[in-house]
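In: pasting a predicted model and its sequence here:
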Amino acid sequence: MSVVKMKLNGKAVSGDVEARTLLVDFIRQYQGMTGTHVGCDTSQCGACVVHVNGKAIKSCTTLAVACEGAEVTTVEGLAKGGDLHAMQAAFKEHHGLQCGFCTPGMIMSAIDIVKRNGKNVSEDVIRRELSGNICRCTGYHNIVKAVQAGAANM
Amino acid sequence: MADTKTGIGASVRRKEDLRFITGKGNYTDDINLKDQTIGYFLRSPHAHAKIKGINTAKARKMDGVVGIFTGEDVAKDKLGGLICGWMIHSKDGSPMKAGPHPVLALDKVRFVGDQVALIVAETKEQARAAAQAIVVSYDVLPHVVDVAKAMKSKANVHDLAPDNRVFNWSLGNEADTNAAFAKAAHVTSMDIVNNRLIPNAMEPRAAIGSYDTGTESYTLYTTSQNPHVARLVISAFHGLAPEHKLRVIAPDVGGGFGSKIFIYGEEVACVWASKFIGGRPIKWTGERSESFLCDAHGRDHVTKAELAMDASGKITGMRVHTKASMGAYLSTFSAAVPTYLYGTLLSGQYNIPNIYVEVDAIYTNTAPVDAYRGAGRPEATYVVERLVETAARELKMDPAEFRRKNFVTSFPHQTPVIMMYDAGDYGASLDKALAMADYKNFTSRKAESAKNGKLRGVGFSAYIEACGIAPSAAVGSLGAGVGLWESAEVRVNPIGTVEILTGSHSHGQGHETTFAQLVSERLGVDINNVLIVHGDTDKVQMGMGTYGSRSGAVGMTAISKALDKIEAKAKKIAAAVMESSVNDVEFKDGTFTIKGTDKKMGFGEVALASYLGHKFNTSEIELGLKESAFHDPSNFVFPAGVHICEVEVDVDTGLTKIASYTAVDDFGNLINPMIVEGQVQGGVAQGIGQALLEGAVYDEDSGQLLTGSFMDYNMPRAANMPHIENFQLGFTCTPCPSNPLGMKGCGEAGAIAAPPAVINAITHALGVRDIAMPATPLTVWTAMQSMKIAAE
Ligand code: FES
Ligand code: FES
């Protein structure tokens, strides 16, 4: 066991973890933040996507100890005060979610896609870059719309 | 009409979204109870084997292990086995052969993944380590995974079915149908395979079971589409505890698509075993690999189908013989799927005077097969629409016009396979779809594609489904073990806010919004003052849950009936308070007025008056404002539509791209068009997935599931779907006559309609008669090579 310290959604947190403890377990179980989900065991579904030092990563495939000193943002850390992040608002406005299980990961990936590709990111790029996020409910149609709209407002 | 922005027909943004987009959802795995332990299942590595012994001695002594449970413990405690809630009789009158399905395997395992032991420990790592230390000695038996071969296999899944056949069911008139074929001018005959699918709701199944030693009662948190049915089955059939001593809670559930209807061994084992560890809660969260192995799969039909036509191209008969895999055990509703949810839909949208269908349901050493989005109706639609399209091509008729020629045009229409279609206008949907898809210019688009080395094809699917299942007496007479009504309770609080308790369950459908829209429309109450309560057997008295596109047509009708009672009672109170006759009270937009006067009261004022009892005689009018209703549908509802798919096939790689997709659906009246469109988009994606990408594959030699992860099982991704501007949705509307809201159902239509539309388009592009699903690049490329097809 070793102590890992990081900033989670702006707050300093720490925990005594095993070397094999995954970041997603650190977030969900040690910190009790359950917005980040686990949808698979092969690093494919993207339900677990969070930002580490501003970059989207799959927290199911990252060791907690590897995030020592990092700034970690989860879906819970996006809204500022009562104001939703533009991407969150876009998902609601464009009905980009149904059961909501994939949604935290989708939103975190979407923000990263826009950051890297700019506000005018094309539909093709959005679709290609969402290949690591699986949604079983929406057929992606409204997710893509939401990402475009969220991009414009970011 | 009440506030048109939130009433019926408005695309209200969803009330449930805020918690999901901010990470505040409350799914089963998000819940942690005090003193909780972790459950882990040891599973069979063999497709079929006798269990000679299970040695848990070493595992029991390991760090953190709290308890280990096997099938023998279950048997010793006399906990009942899993049941199939629908009894099917073979055509010779004999009952289906339902083999034993213990909560934990006893004596035998019958598929890879069958649960053998429950290990309970302080942490998951400890439970997993202990599972590895358990020694199970198996005597491996012959197995069979292919439904087409199982009846002749030397493997015998259940002793009571020596040929592995569960039942041999039939529907329709065989002699008349044979006579129609004897007279036919043309017969189209096809071998049709409906590929096996794995539902893969994104939230894996999970459960937390606990036993309260003080009250001697159980609580089960579970990822269920129908918590009340779970409670009923666990109570009445497993005999765990009477219903008042068992609470089942299905909190936020991350998608279901059928797979979370069923009562599975894992959930039952967790709640049962808690009693033996002093009542400590046991939490099990399925891993994705367990979802692949053990959640009930869908489809897996092998069919021979024939269509008879007269010289003018009118359909005169249909003959179908299907082998349907049931997997290793009969899951909760499995027997109904290839029978009353399949054979009854074989008339499609067509006037077919003679239909005969025979179904062999067959055990294989695979995961149980049960309802998956559409459940039987996608399989029926695939048979009908592949046959019809192929027949049109053979007759050299335009496929749209061949369909039109055979459409049912007058209603009600009695098919030869039970169903009585109540309303529809299939020609209207076809016309609209043809216009939206710009069908008349297809040839120029085809020429354009050819210039780019692509083969373009167009395919139709004119589907019908029966949903809103269903009149209780009717399903009872067909073998159902439950009634399929729905219940609702409306509680008006003293300040006029409203709580709706419903037996439906939302796991993505948006009931918290659509049900509130109905209340807003009817009572003139702001939707933010309406709370929809569901998913907890301690709050909602009884309900049948959500599946088969029934929550609108059946669940909302129950709410509507309860609202009728609320309105009637509120009028009485308003009349008394305003000292008028109840016959003079009018209620509109949330205000009660007295005809011919300027007296009025708001809904909230009447609500308050109902709880004060100051101004009416409480011995004549009962205090309070709370009503409930049960609704039993008088018929199925019959959504129908026409979907048109255009594909482009790359000649070099065999890659199929959905060039455009047009869906025109008649769902009757829509409550929230935005949500309805979302249902269609999601359903079509699953249908495109079935047609192009998805297929569960078991290895014949080893019986192992080869497609056991997202690396091997190709789930639809964003890039597999058509571009936004190439995916068009349209609606036509013939209101449903059997419910007051005129609603049909929209949840399954896309998954039902899409597979034949896509495959008809690919076969059209290639000029081949058939292509197997999933039509992967390899399958398509191989077909092109063997046909020596090249773009012009
Ligand atoms: S849980 Fe991380 S990719 Fe699926
Ligand atoms: S909204 Fe259910 S998985 Fe995406």
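Out: Arrived safely. Ligands and ions are numbered 1, 2, ... in the order given.

In: buried ones in stretch A:73-85?
Out: Across stretch A:73-85, burial judged by 16 or more other C-beta atoms under 10 Å in any protein chain shown covers A:73-79, A:84-85. Every C-beta, even on glycine, is put in place using the N, C-alpha and C of the backbone.

In: got the contact list for that stretch?
Out: A:8-10, A:27, A:33, A:35-36, A:50-51, A:54, A:87-88, A:92, A:103-104, A:107-108, A:111, B:21-24 (C-beta atoms under 8 Å, 6 or more residues apart in numbering or on different chains).

In: if we use 7 Å, what do you get?
Out: If you take C-beta atoms under 7 Å, 6 or more residues apart in numbering or on different chains as the criterion, stretch A:73-85 is touched by A:9-10, A:27, A:33, A:35-36, A:50-51, A:88, A:104, A:107-108, B:21-23.

In: return the member of those nearest to residue B:342.
Out: residue A:104 (37.8 Å; C-beta to C-beta).

In: can you tell me how far the closest one sits from ligand 2?
Out: Using C-beta to the nearest ligand atom, to the nearest Å, we find residue A:104 at a distance of 10 Å from ligand 2.

In: where does chain A dip in pLDDT?
Out: Applying pLDDT under 70 to chain A flags no residue at all.

In: what about the residue of it found nearest chain B, how many neighbours?
Out: Using C-beta to the nearest C-beta, residue A:35 is the residue of chain A that sits closest to chain B, at 1.9 Å. Per other C-beta atoms under 10 Å in any protein chain shown, the neighbour tally for residue A:35 reads 26.

In: which residue comes closest to it once chain neighbours are left out?
Out: Spatial nearest neighbour of residue A:35, excluding adjacent residues (C-beta to C-beta, 6 or more residues apart in numbering or on different chains): residue B:23 at 1.9 Å.

In: right, and that neighbour touches residue A:37 too?
Out: No: applying C-beta atoms under 7 Å as the test, residue B:23 and residue A:37 come out as separate, 9.0 Å apart.

In: residue farthest from the centroid of chain B?
Out: For chain B, the residue at maximal distance from the C-alpha centroid (C-alpha atoms, centre = their mean) is residue B:597, at 52.0 Å.

In: now that one. Nearest residue, chain neighbours left out?
Out: That would be residue B:580: by C-beta to C-beta, 6+ apart, it lies 7.4 Å from residue B:597.

In: and that neighbour, its phi and psi?
Out: phi -130, psi 180 (degrees, to the nearest 10).

In: what does residue B:472 give?
Out: phi -60, psi -40.

In: which one's more surrounded, residue B:23 and residue A:37?
Out: residue A:37 (30 against 25).

In: so what's that one closest to, chain neighbours aside?
Out: residue A:47 (3.9 Å).

In: is it true that the one you found touches residue A:39?
Out: Yes: Residue A:47 lies in contact with residue A:39 (C-beta under 7 Å); the separation is 3.5 Å.

In: ok, back up a step: got a list of what the residue nearest to residue A:35 touches?
Out: Residue B:23 neighbours (C-beta under 7 Å, 6+ apart): A:35, A:74-76, A:104.

In: hmm, 6 Å instead?
Out: A:35, A:75-76, A:104 (C-beta atoms under 6 Å, 6 or more residues apart in numbering or on different chains).

In: okay, and which of those map to helices?
Out: residue A:104 (DSSP state H).

In: now, the most widely separated pair of the contacts of residue B:23?
Out: Applying C-beta to C-beta across the contacts of residue B:23, the maximum distance is between A:76 and A:104, 8.4 Å.

In: between the two, which contacts overlap?
Out: Shared contacts of residue A:76 and residue A:104, counting by C-beta under 6 Å, 6+ apart, come down to A:35, B:23.

In: the closest residue to ligand 2 within the stretch 51-200 of chain B sits in which helix or strand?
Out: Closest residue of the stretch 51-200 of chain B to ligand 2, C-beta to the nearest ligand atom: residue B:200 (9.4 Å). In the assignment (DSSP states H and E), residue B:200 maps to no helix and no strand.

In: what's around it, how many residues?
Out: So residue B:200, with other C-beta under 10 Å, has 25 neighbours.

In: who touches residue A:119 in this structure?
Out: Residue A:119 touches A:151-152, counting by C-beta under 6 Å, 6+ apart.

In: what about stretch B:456-472, distance to the chain center?
Out: 13 Å (C-alpha atoms, centre = their mean, to the nearest Å).

In: hang on, I meant stretch B:252-264
Out: On C-alpha atoms, centre = their mean, the centre of stretch B:252-264 falls 9 Å from the chain's centre.

In: also stretch A:117-124?
Out: On C-alpha atoms, centre = their mean, the centre of stretch A:117-124 falls 19 Å from that of its chain.

In: all helices for chain A, in order.
Out: Under DSSP H, chain A gives helices at A:23-25, A:86-93, A:103-117, A:123-129, A:141-153.

In: and those helices as CSV, adding distance to chain B and mean neighbour count?
Out: As requested, the helices of chain A are exported to CSV (distance: least, C-beta to the nearest C-beta, whole Å; neighbours: other C-beta atoms under 10 Å in any protein chain shown):
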stretch, distance to chain B, mean neighbour count
helix A:23-25, 9, 23
helix A:86-93, 4, 22
helix A:103-117, 5, 24
helix A:123-129, 4, 17
helix A:141-153, 4, 23
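
In: can you lay out those as JSON lines showing distance to residue B:664?
Out: JSON lines is the format used below for these (distance: least, C-beta to C-beta, whole Å):
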{"stretch": "helix A:23-25", "distance to residue B:664": "43"}
{"stretch": "helix A:86-93", "distance to residue B:664": "26"}
{"stretch": "helix A:103-117", "distance to residue B:664": "29"}
{"stretch": "helix A:123-129", "distance to residue B:664": "24"}
{"stretch": "helix A:141-153", "distance to residue B:664": "16"}
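
In: out of those, which is closest to residue B:678?
Out: Taking the helices of chain A one by one with C-beta to C-beta, helix A:141-153 is closest: 6.2 Å.

In: which helices and strands does the closest one pack with?
Out: helix A:86-93, helix A:103-117 (3 or more C-beta pairs under 6 Å, 6 or more residues apart in numbering or on different chains; DSSP states H and E).

In: apply 7 Å and report the result again.
Out: If contacts are counted by 3 or more C-beta pairs under 7 Å, 6 or more residues apart in numbering or on different chains; DSSP states H and E, helix A:141-153 sits against helix A:86-93, helix A:103-117, helix A:123-129, helix B:673-688.

In: how near is the residue nearest to residue B:597 to ligand 2?
Out: Taken as C-beta to the nearest ligand atom, the span from residue B:580 to ligand 2 is 51 Å.

In: now do that residue against residue B:508, distance only.
Out: Applying C-beta to C-beta, to the nearest Å, the value for residue B:580 to residue B:508 is 46 Å.

In: give me the domain ranges for the chain.
Out: Chain wasn't specified; assuming chain A. Domains of chain A are assigned by automatic domain parsing as A:2-75, A:86-153.

In: oops, I was thinking of chain B
Out: According to automatic domain parsing, the domains of chain B span B:17-24+B:485-631, B:35-141+B:217-253, B:301-469+B:635-787.

In: and the last one, does that touch chain A?
Out: Yes: applying C-beta under 7 Å from any C-beta of the partner chain, one finds domain B:301-469+B:635-787 touching chain A at B:674-675, B:678, B:681-682, B:684-685, B:709-711, B:715, B:717-719, B:721, B:723-724, B:727.

In: just the pLDDT at residue B:785, thanks.
Out: Residue B:785 is assigned a predicted lDDT (pLDDT) of 89.

In: residue B:665 belongs to a strand?
Out: Yes: when classified by DSSP: H, G, I helix; E, B strand; the rest coil, residue B:665 is found to be part of a strand.

In: where's it relative to ligand 1, distance?
Out: 33 Å.

In: one step back: surely the residue nearest to residue B:597 meets residue B:594?
Out: Yes: at 4.5 Å, residue B:580 and residue B:594 qualify as touching, with contact defined as C-beta under 7 Å.

In: name the stretch among the domains of chain B that sits most buried.
Out: Mean neighbour count, computed with mean count of other C-beta atoms under 10 Å in any protein chain shown, is highest for domain B:301-469+B:635-787 among the domains of chain B, reaching a mean of 22.
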